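*Asks:* Need a 3D model of the following:
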Amino acid sequence: MNDFSCTVRMWDGEHTVGLQHLKSYDYLPAECQQMQVICDRISRVYSDSLEETVKSLLQLLGKVNRPYLTAVEEKLLKLLELEYGRIP
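*Replies:* A predicted model of the protein is given here:
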């Protein structure tokens, strides 16, 4: 973290953003950890060489503003992890 910006690790890489552009969702520590797990899972699958539909789906999952995936979202992500062999 710098004086006026910080580097944020997200599902699609690291981004340097100004502090004024950050928004707090007031997540509890356990919820932050859940968000990190989701981010890591999406990052393992995401690649520029994926089909456009798959990339779009992963991008949408990466933009979810809650610390969990719905049952359907979870099934979709698991399917992509299986399909692309990226389960830890």
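
*Asks:* alpha carbons only for contacts and neighbour counts from here, please
*Replies:* Will do.

*Asks:* Break down the protein into its strands, ranges please.
*Replies:* Secondary structure of the chain (DSSP state E): strands at 5-10, 13-18.

*Asks:* Mean pLDDT and distance to K75 for those - can I get that in JSON lines?
*Replies:* As requested, these are exported to JSON lines (pLDDT from 0 to 100; distance: least, CA to CA, whole Å):
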{"stretch": "strand 5-10", "mean pLDDT": "81", "distance to K75": "21"}
{"stretch": "strand 13-18", "mean pLDDT": "84", "distance to K75": "24"}
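
*Asks:* So which of the ones you listed is the most surrounded?
*Replies:* strand 5-10 (a mean of 14; mean count of other CA atoms under 10 Å).

*Asks:* What pairs with it, parallel or antiparallel?
*Replies:* In the sheet, strand 5-10 lines up against strand 13-18 (antiparallel) (DSSP bridges).

*Asks:* C-alpha coordinates for the strand it pairs with, CSV please?
*Replies:* In CSV, the C-alpha atoms belonging to strand 13-18 read as follows (Å, rounded to 0.1, in the frame of the first residue of the first chain):
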residue,chain,number,x,y,z
GLY,A,13,-4.5,-10.3,-11.9
GLU,A,14,-3.1,-7.5,-9.8
HIS,A,15,-4.4,-3.9,-10.2
THR,A,16,-3.1,-0.7,-8.7
VAL,A,17,-6.0,1.6,-7.7
GLY,A,18,-6.3,4.9,-6.0
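
*Asks:* For the residue nearest to C32 when sequence neighbours are not counted, give me its contacts.
*Replies:* Leaving aside its chain neighbours, C32 sits nearest to P67 (6.9 Å; criterion: CA to CA, 6 or more residues apart in numbering). Contact analysis of P67 by CA atoms under 8 Å, 6 or more residues apart in numbering lists 27, 31-32, 34-35.

*Asks:* Which positions in stretch 48-61 come out as buried?
*Replies:* Neighbour counts using 16 or more other CA atoms under 10 Å place 54-55, 58, 61 of stretch 48-61 among the buried residues.
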